[in-house]
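Engineer: Provided below for reference: sequence and predicted model.
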Amino acid sequence: MRKSLLLFLSLVLSLNTYAQTLNSIKGKVIDNTSKIALEDVKISIQNTESSVFSNADGTFLLSNLENGDYTLQMSKSGFETIYIPLKVDNQNVDLGEISLYPAIYQNLDASVITISEEELTDDEAGGADNVAGLLQSSNDAFQQAVAFNFSQVFFKERGYDSNLGELLFNGIPMSKFSNGRPQWSEWGGLNDMMRNKNFTMGLNASEISFGSVIGSTNYNTRASQYREGGQISYALTNSNYNGRVMASYKTGLMDNGYALAVSASRRYAQEGYQEGSAYNANSFFLSVEKVFGDHAINFTGFYTPNRHGKNSPNTQEVFDLGGTNYNAYWGWQEGEKRNSRVKEIKMPTFFLDYNWDLSDKTSLSANLMYQMGTIGDSRLGYDANNPDPTYYKKLPSYYVTPGHENYETAYDFTYKFLNDAPESQILWSDLYEANFLLNGDAAYFLSEDVVKDNTKAANFIFKSQVADNIQLNASLLYRNTQSEGYAQMIDLLGAKYQLDVDKFETDQAAQSDLNNPNRAIYEGEKFNYDYTINANQIEGFAQGQFNFKNVDLFLAGNLGNTSYQRNGLYNNGKYANSSFGKSNQKNFLTYGIKGGATYKISGRNLININGAYIADAPYASNIYANSRVSNELLPNVTTTKINSGDISYIYRAPGVKARLTGYYSTIRDMSKVAFYFVDGLNLNTNQIIDEESDFLTTGLTGIDYRNAGGELGIEIQATPTVSFTGAASYGEFIYDSNPELYITLSDNPNDVFINKSQGLSYIKNFKQSGTPQAGYSAGFTYRDPKYWWVGANANLLTNNYIGISEFRRTNNFYLDSFTGQPIALLEQAEVDRILAQEKLDDVFLVNLVGGKSWKIDDYYVGFFASVNNLLGETFKTGGFEQARKANYTELNDDQSLATPLFGNKYWYGRGTSYYINLYFRF
């Protein structure tokens, strides 16, 4: 190891000595309007991979250049890209100050991505977790197709969830400890203030943090870095919201050393694309900076309260009856549509940043973040008949099944759905009437699952150009989140109170909190469960980047620790031995190493290769058997191990840019916790084999994934006004192991199963769900010299599979419901048939975009418009198997029906949708 290290250092030093004889280009980039320095301008040499970003003072240095003719390209979001031809001949070139002009073409607004920030992370939205928001900052042709075209079908680049990417504000990660994902709604509606960002693609070197396999995006909110001026815009759309009004103003750096940036917006809809999905969101942003010499202090605060109604997944029977925008979550109440499933987010966020330019080549920043607030998800609770209008006993199919035939009732339910009768939705009036008749304890109520977070974070970021061709980066991060989870009573629906007990249980097992038994709950109070998880993360990162004549290298590493500790605030009657009080603290050592090289075959041809090994902590939601009621950890929970590599051929020539990439990744030792109701559960207790129908908590450990494939992006500037783009992706995203499955349930304190092993779940080689595994796009753009433009693209998305039930694929599936013995004469071929994973239909989408800008003196007026799914194609974006039928007999009986009662559930994409944005900039 020492010999290898010495050899590597000798090579670096020798190459460095050689590099010193080459030429360099330096300069300073400023805003032509405000004359302030521009940070994070990308300066690149056309037809090569050589590029740098300008520093906080606008300066940049490109080194190690041979003699020759070059074209320098300078680009930054919100500004016109400029090109500077120059000749280098045995000299260092100083360009002095270079001015960038505000872009007369309005930049693509983040909101033209065809899914909202709510859908990016909403577990009940169908895509559940999408990377489009991470990729919108990229200028790569393929990643632009993913962000703006493929996102309509929730395409995930390389099959990765967004928790395998990194999103930061001022260098501080914004992902949640609970699931590793950013909560996009926390900064939704702040499009004008999200312009200053750095995107690092994939495993490439990042100057801010170690990054992850998708890449990283860092938003810079320093007030002095925003282009001086203001903007007012109004948008119309038929997506999640119908209208948006937005205003922003930035002073730039003023003579007194201060800079100010403010923004406010409102998005609204009485009803979005889905029935009953009202939308109400306000957004506020403030950034103030004081610059004194080489030092600067900046304060940023934003608050984006958001409230929107959710939409339900449905079986094919329900969609056939109610249409593709049918939503089971709402019903009429006093002439208004009321949604029972509402997500509400209130998470104000604050940053305090200190930046110090120690020299023109070295900088240090210190950043603090504080965030607090709540995320709530409402739902109907009931101790009576299920109020869901799509409950299987309220659908026509139930009344034509053997033993339940009642054709008159079947016709009645069919008629009500087809004619949008009130009975095809939630009957709020019936719920109130049932509570009125009881005259006390609620039979029906509306509650909210609340997550109340309090997060503090601090980091230091160091950057130094130690030589013309060597840059060092380092950072140190600390984060803490105190997260409380509880149920809260929102509306008793006319009842006087709700007893905080499980009415399907008796004695101790019925109590939610033995410390406060038989408690009457009133509106606004907590009940059912209450606990906290304290999460801590400390992490250090270091990186070296080395640029030489024919090769660029980088090597990066990180080391850290993440810990979790649960504290039960209720003593649940079923889990009295593990529910109340603090658990032991669980620590996970995290680390990673990654490196890459770019070999410059010629000025136009490059080979880029990257590799990484990463050990990450599991997410807080996936380490406890049931975090709501128990301190018990899942067995064998460990760090997640990621091996990832990619190799790319990059071609850059005048008018042509292309990238062809192959990638291969394995993700090992993931864990997962899920909740569902099953029929046909066999429990091998100490007494007899029990046939069970019960609500289960299941835990999986040892889940492995394998993602491999290739992607191609190409952009051709055919003429000064016409360009063509193409993108293609083909991958195979599969489960790569048979994880062990555990169940946790309790009927009484003496019959508790916590982490009872059900053996292996045989899911190896099944497809990962939630994304098409292949996608293809082709399009063109025409930009007229008179400042109007139009574009169109066609997209084909294929190989999309629904989510599977892991419990169905355990040995329980083979057992008879009554005897507990293996089902006689059941052959594996028949099991494979009935458990075959459903593949969704291919999707073909055509999209149009266009815009026009006018410059009137120093003002800009314009509009942007897009039409997605121009042909109005009806398509499914995703779905999942209902887990209820847990063994072969139960599932076969259901699937043998003309219309299964517990068929797969789906989400449908939107039909033709539009977005029009009008703006005035000054």
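Structural biologist: In hand now; what should we look at?
Engineer: C-alpha only now, for contacts and for neighbours.
Structural biologist: Noted.
Engineer: Next up, the contacts around residue 533.
Structural biologist: Counting by Cα atoms under 8 Å, 6 or more residues apart in numbering, residue 533 makes contact with 482-484, 564-567, 620.
Engineer: which residues pair with it across the strands?
Structural biologist: In this entry, residue 533 is beta-bridged to residue 483, residue 566, by DSSP bridges.
Engineer: Residue numbering should commence at 94 henceforth.
Structural biologist: In the new count, where the first residue is 94, that last one comes out as residue 626.
Engineer: roughly how far apart are it and residue 423?
Structural biologist: Residue 626 is 33 Å from residue 423, where distance means Cα to Cα, to the nearest Å.
Engineer: still on that earlier bit, highest neighbour count among the contacts of residue 626?
Structural biologist: Within those, most neighbours by other Cα atoms under 10 Å means residue 659, with 29 neighbours.
Engineer: Quickly note the distance from it to residue 627.
Structural biologist: 6 Å.
Engineer: residues near residue 178, how many?
Structural biologist: For residue 178, using other Cα under 10 Å, the count is 11.
Engineer: Please name the nearest non-neighbouring residue to it.
Structural biologist: In space, and not counting its chain neighbours, residue 178 is closest to residue 164: 4.3 Å by Cα to Cα, 6 or more residues apart in numbering.
Engineer: do the same with residue 417
Structural biologist: Leaving aside its chain neighbours, residue 417 sits nearest to residue 1001 (6.1 Å; criterion: Cα to Cα, 6+ apart).
Engineer: For the one you found, the count of nearby residues, please.
Structural biologist: Neighbour tally, residue 1001, other Cα under 10 Å: 21.
Engineer: Pass me the low-pLDDT residue ranges in the stretch 844-993 of the chain, would you?
Structural biologist: The model of the stretch 844-993 of the chain has pLDDT under 70 over residues 844-846.
Engineer: Residue 387 contacts residue 451, correct?
Structural biologist: Yes - the criterion here is Cα atoms under 8 Å, and residue 387 meets it with residue 451 at 7.1 Å.
Engineer: which residues of the stretch 794-943 of the chain fall in strands?
Structural biologist: Applying DSSP state E, counting those that start in this stretch to the stretch 794-943 of the chain gives strands spanning 815-828, 833-839, 845-853, 865-876, 881-893, 936-949.
Engineer: any chance of the ones you listed in JSON lines, plus distance to residue 801 and mean neighbour count?
Structural biologist: Listed next are the strands of the stretch 794-943 of the chain as JSON lines, based on distance: least, Cα to Cα, whole Å; neighbours: other Cα atoms under 10 Å:
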{"stretch": "strand 815-828", "distance to residue 801": "6", "mean neighbour count": "20"}
{"stretch": "strand 833-839", "distance to residue 801": "24", "mean neighbour count": "22"}
{"stretch": "strand 845-853", "distance to residue 801": "25", "mean neighbour count": "18"}
{"stretch": "strand 865-876", "distance to residue 801": "10", "mean neighbour count": "22"}
{"stretch": "strand 881-893", "distance to residue 801": "14", "mean neighbour count": "20"}
{"stretch": "strand 936-949", "distance to residue 801": "22", "mean neighbour count": "19"}
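Engineer: Of these, give the one that comes closest to residue 531.
Structural biologist: Nearest to residue 531, of all the strands of the stretch 794-943 of the chain, is strand 833-839, at 28.9 Å by Cα to Cα.
Engineer: Could you list the residues in contact with that closest one?
Structural biologist: With Cα under 8 Å, 6+ apart, strand 833-839 has contacts from 667-668, 718-719, 788-795, 845-854, 900, 903.
Engineer: try 7 Å
Structural biologist: Residues outside strand 833-839 that contact it (Cα atoms under 7 Å, 6 or more residues apart in numbering) are 667, 718, 789-795, 845-854.
Engineer: Could you do stretch 453-469 as well?
Structural biologist: Contacts of stretch 453-469 (Cα under 7 Å, 6+ apart): 263, 436-450, 541-558.
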